[in-house]
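Chemist: okay, predicted coordinates and the sequence, questions at the end:
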Amino acid sequence: MKLTPAKRSSTRTMSDERKQDLQLEIGHVLFIDIVGYSKLLINEQSEVLQELNEVVRGTARFRASDAAGKLIRLPAGDGMALVFRDSPEAPAACALEIAQVLKSSPHIQVRMGIHSGPVNEIVDVNERSNIAGAGINIAQRVMDCGDAGHILVSKRVADDLAQYRHWQPLLHDLGECEVKHGVVLAVANLHTNELGNPIMPKKFAELAARLAPGPTGPAPSVNRWRMPSYIAIALLVLAGGIGIFLRQSSRQLSTSVPPPLVSPSPNFDKSIAVMPFIDLSQAKDQEYFCDGISEEILDTLAKVEGLRVVARTSSFSFKGKDVGVGEIAQKLGVQNILEGSLRRDGNRIRVTAQLISARDGFHLWSETYEREIQGVFAMQDEITHAITDALKLKLIGVRPAVEQAQSSEAHDLYLQGVFFSNKSTEAELRKSLEFFQRSVEKDPSSARAWTGIAKVWNWLADAYVKPVEAYPAMRAAALKAVSLDDREVEAHAYIAEAKRVLDWDVLGAEAELRRALQIDPNSGITHLFLALNLGVQGKPEESMAEARQAVKADPLSPIINNMAAVSLLANNQVDEAITQAKRISEVDPDYLYEFPVLGFAYLQKGMLPEAIELFKKAHQATGFPQAGLGIAYAMSGQPAEARQILAELERTAATSYFPGEEIASVYVALGDHDSAFAWLDRAYAEHSGPLHAVAVRWAFYPLRSDPRFAVFLQRIGLDPAKVLKPTPTP
């Protein structure tokens, strides 16, 4: 309809009056979007949207705010926006309630964004009251940063929620995301163990990939990333400090790469490396399945007497790389290579595998299998038998895979758990835990899945979860695994860790580890655990021998190579330790944890400026408190700077779990033994995983003359007479 001049004038007047009456208020906005909505048929779109509306309207938080007149609902095409006017917690609480209900409706995939910001009432073209403003726009932009299942919140909301104790553990900082018009938003991921999506959104993952350190570039900033206890001990024995360290600083300190600690000897034993199978599926979405089958074959072969099988870390280090069989065999020190590919189409799989002799490239055996998914267990057994037959070995006492898994659905969940358990972020580990738990719900008799649960809790302990919460869960799962199958080697290793950390039973832990090595003498992780155990008992030579065995079993594992450097340092072979630590950059250019060893080796050699520079760059790059930097400052006659680091550490410990022995180490360097023992007592009460390392850490040498230190070592199950050998003080 064409407006007459009078009506046009009336409209302008109304608009002018509304601009004058415009009042902004803070609205707490939850924006919801149906993922994949445009791909649905028109009638399907209507049905899904109607179902979502019913779910949202049925939540307790929605009903309460709506009844109080504190809620405005806005349709948004393929979703909706809810503006709460009563509490900044309301959108988050509502989002979790929606996620809970949608667990039973997997066909409805949504993503949600939350922001608190200015909103104002407007009148739309139909003369109906509506809401607009930056609060709604930014909530939508926050949501756009996520994928299906994500509940993302803006930094403002995260800061508000972090003031409440029950919200703190559910907030996981993601960093910044660029949205429309070049706007950059700081975003956090809101999730529990069961609700939300813990996996890093694709936008952030792509950004992380772009920022990943190159040959000369620095590592991206990582927030509050810590290591599991056994890695931490490896880095702390006679060293100290937890955190992410710049690879660039290593390039500046040394450009030469020394020879390996343990030379490969492919001609003296029957040996094999199992490479990750290649995903040939059209959708390229079966990586977890390919990795899982490869790892299961590897685990079964590892139990074959007379066959040395290279550990997963080393063989999988060639994944996606164009490297010839001969070079792989030379680096891993093996005679044979198993390669394969997998194509999955629905419930049917096609697997091709070949066993190759590294000496001449000759195919000792090859076969192609076509099976329904239910036949995957029998197929794995056929491959294992074919390999042992080709190598003229016998399968004695090895439990067939078909007996180890009764449900194909449980097995698929298990393989997804294995895939994520080999990642490192908290989100990925919790995703792994979810898959393992769902697997044992389907098949409670799966010892491997219970071992997987124990593995994840071990990785979460001391890094993301308080040890007194993580280690009991780890022990329960590991005990369940060995009750089902006593030959679960890793489960024995995790039981050993629980004995050491929860019971302060170092000798009992050692016995459990030796039991594991009776089952599988080639278990790199068990040799590593035992090396650490013997090291803290004051047995450096035996520890070094176990470290060498670990390197032989897993020659390209950066963790194990780093442990070898730590063992050298524990033997006061400082120059050799530096050489070994620098070699890790060749083993894995993306591995950053050789730097604590290097930093403290420089301190022991009196190279204080170099050590300070190393720790300072790490501190600046990560924003994470470095105990090593505090110690370096104290040793350099800069107590004010050391106490500044201490203040950062103590602030962190006041709001979340932080290993008390780390703070104690800085107090030792400052000569404040009373405060050091106070923090050691706290670490004891919290059952800190790396605590045993104080027995042999160079940073704690000054406490050896204090009678309280011997008493403390006895409290954690160590024999002071064996540990406290005459040593120079720093």
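Modeler: Good, I have the coordinates. Residues are numbered from 1 along each chain as shown.

Chemist: strands of the stretch 51-200 of the chain, start to end?
Modeler: Counting by DSSP state E, counting those that start in this stretch, residue ranges of the strands within the stretch 51-200 of the chain are 71-75, 79-84, 110-123, 129-132, 151-154, 171-178, 184-190.

Chemist: okay, now the sheet partners of the first one, with direction.
Modeler: I take that to be strand 71-75. strand 79-84 (antiparallel) (DSSP bridges).

Chemist: so who does Leu82 touch?
Modeler: Residues in contact with Leu82 (CB atoms under 8 Å, 6 or more residues apart in numbering) are Val29, Leu30, Ile32, Val56, Phe62, Leu71, Ile72, Arg73, Leu74, Pro91, Cys94. Using the backbone N, CA and C atoms, a C-beta is placed for each residue, glycine as well.

Chemist: okay, the strands of the stretch 51-200 of the chain, which one's buried deepest?
Modeler: strand 151-154 (a mean of 29; mean count of other CB atoms under 10 Å).

Chemist: which stretches of the protein form strands?
Modeler: Counting by DSSP state E, the chain has strands at residues 25-34, 71-75, 79-84, 110-123, 129-132, 151-154, 171-178, 184-190, 271-274, 278-279, 308-309, 336-345, 348-357, 363-372.

Chemist: partners of the first one in the sheet?
Modeler: Spelled out, that is strand 25-34. Using DSSP bridges, the strands paired with strand 25-34 in its sheet are strand 79-84 (antiparallel), strand 110-123 (antiparallel).

Chemist: could I get the ones you listed as CSV with distance to Arg487?
Modeler: Shown next, in CSV, are the strands paired with strand 25-34 (distance: least, CB to CB, whole Å):
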stretch, distance to Arg487
strand 79-84, 51
strand 110-123, 44
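
Chemist: thinking again about what came up before, nearest to Pro625, of the contacts of Leu82?
Modeler: Nearest to Pro625 among these is Pro91, at 32.6 Å by CB to CB.

Chemist: for Asn193, see how far away the closest residue to that closest one other than its chain neighbours is.
Modeler: Of all residues not flanking Pro91 in the chain, Leu30 sits nearest, at 3.7 Å (CB to CB, 6 or more residues apart in numbering). Distance of Leu30 to Asn193, computed by CB to CB, to the nearest Å: 22 Å.

Chemist: the strands paired with strand 25-34: lowest mean pLDDT?
Modeler: Lowest mean pLDDT of those: strand 110-123, a mean of 83.

Chemist: how far is it from where the chain is centred?
Modeler: How far strand 110-123 lies from its chain's middle: 33 Å, per CA atoms, centre = their mean, to the nearest Å.

Chemist: now swap in stretch 280-291 and tell me
Modeler: Per CA atoms, centre = their mean, the centroid offset for stretch 280-291 relative to its chain is 22 Å.

Chemist: ditto for stretch 564-584
Modeler: Distance, centroid of stretch 564-584 to centroid of chain: 26 Å (CA atoms, centre = their mean).

Chemist: any buried residues in that stretch, and which?
Modeler: 564-571, 573-574, 576-584 (16 or more other CB atoms under 10 Å).

Chemist: from Leu82, how far out is the residue nearest to Pro91?
Modeler: Leu30 is 4 Å from Leu82, where distance means CB to CB.

Chemist: now for these two: what residues contact both?
Modeler: Common neighbours of Leu30 and Leu82 (CB under 8 Å, 6+ apart) are Pro91, Cys94.

Chemist: wait, Ala699 touches Ile631, no?
Modeler: Yes. Ala699 lies in contact with Ile631 (CB atoms under 8 Å); the separation is 5.9 Å.

Chemist: so for these two, which residue has more residues nearby?
Modeler: Ile631 (30 against 27; other CB atoms under 10 Å).

Chemist: read off the pLDDT value for the more buried one.
Modeler: 93.

Chemist: skip the chain neighbours and tell me the closest residue to it.
Modeler: Ile631's closest residue in space is Ala669 (CB to CB, 6+ apart), at 4.3 Å.

Chemist: Ala550 too?
Modeler: Sequence neighbours aside, His527 is the residue nearest to Ala550 in space, at 3.7 Å (criterion: CB to CB, 6+ apart).

Chemist: what's the neighbour count on the one you found?
Modeler: 28.

Chemist: show me what contacts it?
Modeler: Leu517, Glu546, Ala547, Gln549, Ala550, Ala553, Ile560.

Chemist: nearest to Glu367 among the residues you listed?
Modeler: Closest to Glu367, out of all of the contacts of His527 and judged by CB to CB, is Ala553, at 27.7 Å.

Chemist: my guess is the closest one contacts Ser315, does it?
Modeler: No. Contact status for Ala553 versus Ser315: not in contact, 11.3 Å apart, counting by CB under 8 Å.

Chemist: any common contacting residues for these two?
Modeler: By CB under 8 Å, 6+ apart, no residue touches both Ala553 and Ser315.

Chemist: follow-up on the earlier one: more neighbours, Leu30 and Asn193?
Modeler: Leu30 (27 against 13).

Chemist: now the more buried one: how far from Glu409?
Modeler: Distance from Leu30 to Glu409, by CB to CB: 34 Å.

Chemist: ok, now Asp575?
Modeler: Counting by CB to CB, the gap from Asp575 to Glu409 is 55 Å.

Chemist: ditto for Glu295
Modeler: 19 Å.

Chemist: ok, these two, which is more surrounded?
Modeler: Comparing Glu295 with Glu409 by other CB under 10 Å, the one with more neighbours is Glu295, at 20 against 13.

Chemist: please name the residues that touch Cys31.
Modeler: Quick fix: residue 31 is Phe, not Cys. Contacts of Phe31 by CB under 8 Å, 6+ apart are 76, 79-81, 112-115, 136, 139-140, 142-143.

Chemist: same thing but 7 Å
Modeler: For Phe31, the contact set (CB atoms under 7 Å, 6 or more residues apart in numbering) comprises Gly79, Ala81, Met112, Gly113, Ala139, Gln140, Met143.
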